[in-house]
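Asks: can you look at this prediction? I've put the sequence above it.
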Amino acid sequence: MTLRPVLSVLATVVLSGVLGAQEQFTLLASFVERGSGNPVDTLAPADVRVTEDGLAANVVKVEPVVRSVKVQVLIDNGAGIGRNIVELRNGVRRLLEMLPPDVETTLVTTAPQPRFLVRATKNRDELLKGVDRLTPDTATGRFTESLAEAAERANKDKDAFAVIIAAGTTSGDAKVQESDMQRALDQVGRKPMIVHVLLYSGEKSSSGGITQVEVGERVAQATGGRYELINGLSRYTTLLSELGAEVAKQFTGNTRQFRVTVQRPTGKRGELGKVSVSSTSKTLSGLWRE
């Protein structure tokens, strides 16, 4: 079953895919309490409203799905960072300090190729020691390859909700093929995950920069993540800290999800139209087509 992510901040989305003669489809949705932002513990079919092209659909059932959240941080330590490795270490360190202490986190460097700096662990001290070992490389970072591998790892973990933070630069990926880009996009689209992308227009120019920008924008938009292209390194490292805080907030809405089975409106067949999801008393915080 393929999961097609849609923008998590929107309540009305266009869901692609042809269902043929099927009269039902399923969504994975996350909700928080309106006002408090606390996670929703229970949700009944009567609490959810779904329409397709403005026509009311019938919510057949709502089932809770609880997942742990796991974070992967992809760090470009290559030529795009240049001699600014100390500032980069400080930014990654502040990002980790903002994350909840019991969240499993993986650190990966992307130059000269994707390498584990610290494998998945909840040990904060081990993660911070890994940051101290972060060293510069003269090669350019492999943004697209690293992203595809991170998403592939996340897809193998069926019981976790993945958050990927790609701290990249615009140096590298000059020789990436269209098939490599498509692999990354396909991997990101296989299950619910959020991908945040920060790109620093690095110390070394590269014709590959357009690839990182295109892939970064597309994966962030498709998963409801944040995308930033930054010219100044000081702002780049500050944003890493802000992202850590932002991700900590996102855990609330996405660890507890609901599988919503929907009966399509009478007469609807084939490709899904414009689907709107809302709740009478809750706030939608995430939505994916299953």
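Replies: Cool, the structure landed.

Asks: mind checking how far the spatially most central residue of the chain is from residue 265?
Replies: By C-alpha atoms, centre = their mean, the chain has its centre lying nearest to residue 194, at 1.5 Å. According to C-beta to C-beta, to the nearest Å, residue 194 stands 30 Å off from residue 265. C-betas here are computed from N, CA, C, even on glycine.

Asks: go on, residue 97?
Replies: Counting by C-beta to C-beta, the gap from residue 97 to residue 265 is 49 Å.

Asks: these two - which one has more neighbours?
Replies: Neighbour tally, residue 97 and residue 265, criterion other C-beta atoms under 10 Å: the higher count belongs to residue 265, 17 against 14.

Asks: residue 65 versus that one, what's the distance?
Replies: Distance of residue 265 to residue 65, computed by C-beta to C-beta: 25 Å.

Asks: remind me what the host helix or strand of residue 106 packs against, helices and strands.
Replies: According to DSSP states H and E, residue 106 maps onto strand 104-109. Counting by 3 or more C-beta pairs under 8 Å, 6 or more residues apart in numbering; DSSP states H and E, the packing neighbours recorded for strand 104-109 are strand 68-75, strand 115-121, helix 124-132, helix 143-156.

Asks: how far does the shortest one sit from the chain's center?
Replies: Pointing back at strand 115-121 there. 19 Å (C-alpha atoms, centre = their mean, to the nearest Å).

Asks: likewise for the first one?
Replies: Its chain's C-alpha centre lies 9 Å from the corresponding centre of strand 68-75 when counted by C-alpha atoms, centre = their mean.

Asks: could I have it exported to CSV, CA atoms only?
Replies: Backbone C-alpha positions of strand 68-75 (Å, rounded to 0.1, in the frame of the first residue of the first chain) are rendered in CSV as follows:
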residue,chain,number,x,y,z
SER,A,68,7.2,6.6,17.9
VAL,A,69,9.1,9.5,16.3
LYS,A,70,12.6,9.0,15.0
VAL,A,71,14.9,11.8,13.7
GLN,A,72,17.6,11.7,11.1
VAL,A,73,19.9,14.7,10.7
LEU,A,74,21.9,14.9,7.4
ILE,A,75,24.9,17.2,7.7
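
Asks: strand partners (parallel or antiparallel) of it?
Replies: strand 104-109 (parallel), strand 160-169 (parallel) (DSSP bridges).

Asks: including mean pLDDT, could these go into TSV?
Replies: Shown next, in TSV, are those (pLDDT from 0 to 100):
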stretch	mean pLDDT
strand 104-109	97
strand 160-169	93
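
Asks: beta partners for the residue nearest to the centre of the chain?
Replies: residue 163.

Asks: of the strands paired with strand 68-75, give the one that comes closest to residue 175.
Replies: Comparing the strands paired with strand 68-75 against residue 175 with C-beta to C-beta, the closest turns out to be strand 160-169 (16.1 Å).
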